[in-house]
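>>> Can you look at this prediction? I've put the sequence above it.
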Amino acid sequence: MDHIMNAIILSALWGVVMMLGGVFFKKSTTPKYWAIAGIIIILAGNLLEFFGHPFFNVDTKEMLRFDAFGLIFNSIAFISTLIFFLLNGKDFEKIGIHVSEYFSLIFFVLCGVSILSSFNTLLMLFLGIEILSIPLYILTGSDKRNLKGNEASLKYLLMGAFSTGLMLMGIALIYGGNSLGSFYIDAINLGSGHLSVLVGVGLVLILVAMAFKVSAAPFHFWAPDVYDGAPTVVTSFMMTIAKVAAFVAFFRLFSTSFGSMHYQWQTLIVIITAATLLIGNVTAVFQISVKRMLAYSSISHAGFMMFTLFALNTTAKEGLLIYAAAYCIATIGIFAVIIKMSDYSIEGFNGLGKKQPLLALTSTIFLLSLTGIPLTAGFMAKFYVLMAAVKDGHQLWLVIFAVICAAISAIYYFRVIQAIYFKDPVPGVNENIEISSGFEWMLTITAGLIILLGILPGLVIDWLYY
Amino acid sequence: MLGTYFTFPELLIWIPFITGVIAFFIRNSNSVKTFAIISSIATLTVSVISLFYTDVAHHPDYFYFNNVSYVWMPYIGSGFSVGLDGIGFLLTFLTALAFPLIFIITNKSGYKNLNSFIGLLLLAQAGMMGVFVATDALLFYFFWELALIPVYFLCSTWGGEKRIQATFKFFVYTFFGSLLMLIGIIYVYMHTPSVSSDSAHSFYINAFYNAILSPRQQDWVFWLFFVAFAIKIPIFPFHTWQPDVYEQSNYPSVMAMSSVMVKMGLFGLIRWLLPVFPAAVAKYDHFIIILCIIGLLYASCIALYQNDLKRFVAWISIAHLALIAAAIFTINTLGLQGAMLEMLNHGINVLALWIIVDIIEKKTGVRKISELSGLAGKSPSLAIFFLIIALANIALPLTNSFVSEFLMLNGIFDFNKWYAAFACLAVVLSAVYMLTMVQKSFFGKTNEVALKAQKMSAGQYIVLCILIAGILFLGIYPDPVIHLTQSNVGNLLGRIPLK
């Protein structure tokens, strides 16, 4: 008898609880506490499973598989969500009146995340992607009065549906093309022969669909508009946890099913990686709005995470985990600061160092981490993915190209740091940023976490060999 | 005894680091100044004590005092390993010496948010110390970057109008270089033998020295490291950030950068580049020396026409550093010995030059050479100090630079006569620009600007006297330094195939 992941059931259940709760919660602040309680329960359930205490025993026919990689990633995703709720739980009230429903959608996304980190058949992959995406389409448009949000939501839905269609086609082709006629990802494992036409086309279609989900170029066009148009709280979530979960699925599928034919399709990854890095970084330099700049920078981070698919070795696995943690926590942190502001332009940050020293310091740490400066988690993340790529030993020019892009990324991240510390405040812009002392503490803890992971990346990676 | 609890390299990193963090929280500007001076003198004391333990023959505990390694990331074969050897002793001493002098000289000047200013300077010192003592490639990279971040904030916060752009250019340049080096480090790491059972490869320095790299691999990985170091030194054509940053930044940061930080690049050449890529070094030495000599002549010619004192010193510094880099790549005893000695000498001389420029600007409010005239008439003591320092920069006998430049030129001569001829031309040029500048600003008719000059403070006297004592001492008796770095020279020559 196999067991099913605690996290999948718990998060689905909690989603329902939150949805029903919407009827009973009188105060608008209540859902936040329920959501925090829920995510702590899910996290605890996930950790208990990791240490061998599953709650539920259901025969999944091996369609879902428990492994350390998936569970560690789940923990990262849940801890990031917890941080996200603690920092920004209150800001859900800004979106609209259905606060409880927004939280419930987030829990459904987390259910999708847990499926994506544990799927063992292509069908489960498809279900996971859909469970992840549909709540996100709704969340993007959750601010009904905002036209930009509506546009983003529609765009996201259409493009998303299209890419899911491609994926389904790919799945069908691979099902038909492999000799076993199997949906199981390890059964597809095709040995080291040549790709057949059917499987080859299927692989390319799935690759395109996944590249779309992780916003890798040239399938990234939806990303800046959607991230910019969605309510900022939602952007913070979908840009981090949802995207990284798609990456984990990407990695899981390609390393298990197509890993042995790695070098037949690696060139495709090389092209996608190079294009993603170039477009993400170069475009981000020209942005005026910090929110939009971070949207492009998230494309560039997708480029760095693509290196794990490029390499597909154990270092890449470790790298994906540490990158996921570093990227999620730092992005959620910087977004928590942005959400508190009314003006998202870079000028809005002018003189923050004088007005709000703590916000300034923590934002700087988050930005340094996103740039990849040592002593922050971001450095360790970049270090690991680059190490994975060098270990692979092919196409070393791509690594050098990535490094050039990383230097470009310093330009736009440091522009914000310059605004924070070296420019004088613009009168009338972001003058009254209201923050509670609880928020300050949480932000400090988050920044501390970034530095802790920057010194001891083993805190994440060691569990793989537990 | 000291070594039971702490080793020297650890103390040299942690004293400035911890005091640097504390300094941020000291609000009172007078106490933070005193605190900085006490902290930096404590570091200097440790450094001076360490100099008594440099001799392997006389101190059986040598390794016990000077080397330590802690487990940090065993799964990838990296540890917190630090250690001191000849060149390490020399440069940590230079770092430890420069900072108290910088703090004393800036004691009177009022920078805004002095606690952050001093905290950042101390953190920068900790980073530089780390670079000089790290014996683990990843740790070296950590400190290499960490030294840069405080300096970035220092130069961007306090300085001239265009400081933000200038410093940012510097930052992007060096960040780019360091990232290339990171790739290089990872690449070499993948070819190192294992030193422990936990990981297949190791970042430890000896593992790097024993890395198995074919000449073809060395050919290109060499450049990844070289560009990083060349940007930091800076070697022509990577030097363009330096004059701008030096012109726009505040004096204490510039002093720290030009006397200590640029040595990080030269140190990197000696500690990492030459021993790890011997075959590539032997292949590219002519090309790099030619680059250095072009840079040397180019910088010297530009220095002739500089009107701004800060840019003037910046170009002089570029010229001297190019000569050192050229001498390092000759890979012969004289060249290397001279280069190592000159690293200390240049640190002292350029620090002294910056102090003089600082004093002139503070006294008169002007740093255009064309507006200065006859300063000697108003403050003869400054003129005397400056003359000695200027002569040390020209490398006159009895000053420290004479010995080291003589050795370096000799080394270059052994390498190739023509290169030496061009390098000597630069020495002549140095006399021209230095003496012209002395003549224009200190002698001649005392003008209104010079009349405004006030007397030098006691702190300035003390600092300049210490530096001049150093200049003369090393000019007359450089033997201790040469003795200190002898083993490094021997090791390097042992690793690189002779032509």
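Cool, the structure landed.
>>> Could I get the average pLDDT for the helix or strand where B:Q217 lies?
In this structure, B:Q217 sits in helix B:215-232 according to DSSP states H and E. Averaged over helix B:215-232, pLDDT sits at 91.
>>> So which bits of that helix are buried?
B:217-218, B:221-232 (16 or more other CB atoms under 10 Å in any protein chain shown). C-beta here means a position set from N, CA and C on the backbone, and glycine is covered the same way.
>>> contacting residues around A:P457?
Each residue near A:P457 by CB atoms under 8 Å, 6 or more residues apart in numbering or on different chains is listed here: A:322, A:377, A:380, A:384, B:73.
>>> Compute the distance between A:I404 and A:P224, please.
According to CB to CB, to the nearest Å, A:I404 stands 22 Å off from A:P224.
>>> same question, B:L372
Relative to A:P224, and taking CB to CB, B:L372 is found at 55 Å.
>>> so what does the helix holding B:Q217 touch, helix or strand wise?
Where contact means 3 or more CB pairs under 8 Å, 6 or more residues apart in numbering or on different chains; DSSP states H and E, helix B:215-232 is packed against helix B:163-189, helix B:262-268, helix B:278-304.
>>> then stretch B:179-193 to CSV, C-alphas only?
Provided in CSV are the C-alpha atoms of stretch B:179-193 (Å, rounded to 0.1, in the frame of the first residue of the first chain):
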residue,chain,number,x,y,z
LEU,B,179,31.9,36.3,-12.0
LEU,B,180,34.2,35.3,-14.8
MET,B,181,36.6,34.3,-12.1
LEU,B,182,33.9,32.3,-10.4
ILE,B,183,33.4,30.3,-13.6
GLY,B,184,37.2,29.8,-13.6
ILE,B,185,37.2,28.6,-10.0
ILE,B,186,34.4,26.1,-10.7
TYR,B,187,36.1,24.9,-13.8
VAL,B,188,39.4,24.3,-12.0
TYR,B,189,37.5,22.8,-9.1
MET,B,190,36.0,20.2,-11.4
HIS,B,191,39.6,19.1,-12.3
THR,B,192,41.0,18.9,-8.8
PRO,B,193,41.9,15.7,-7.0
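>>> where in the chain is pLDDT low?
No chain in the question, so chain A it is. Residues of chain A that meet the criterion pLDDT under 70 lie in A:1-5, A:189-192.
>>> wait, I meant chain B there
For chain B (pLDDT under 70), the answer is B:1-5, B:56-64, B:450, B:453, B:497-499.
>>> what element comes up after the helix ranked longest in it heading to the C-terminus?
When chain B is parsed with DSSP state H, its longest helix is helix B:333-364. For helix B:333-364, the succeeding helix or strand toward the C-terminus, using DSSP H and E, is helix B:375-378.
>>> For that following helix, buried residues please.
Within helix B:375-378, judged by 16+ other CB under 10 Å, the buried ones are B:375-378.
>>> So which of the residues you listed is the closest to chain A?
For those, the minimum distance to chain A (CB to the nearest CB) is 33.9 Å, reached by B:L375.
>>> from what I can see that closest one touches B:A383, true?
Yes - counting by CB atoms under 8 Å, B:A383 is a contact partner of B:L375 at 6.4 Å.
>>> Residues that sit against both of those two, list them.
By CB under 8 Å, 6+ apart, the residues touching both B:L375 and B:A383 are B:F442.
>>> returning to what we had before: which ones among the contacts of A:P457 are found in strands?
When DSSP state E defines the strands, the subset of the contacts of A:P457 inside them is B:M73.
>>> Select from the contacts of A:P457 the one having the most neighbours.
A:A377 (31 neighbours; other CB atoms under 10 Å in any protein chain shown).
>>> how far away is that one from B:I183?
In terms of CB to CB, A:A377 sits 20 Å off from B:I183.
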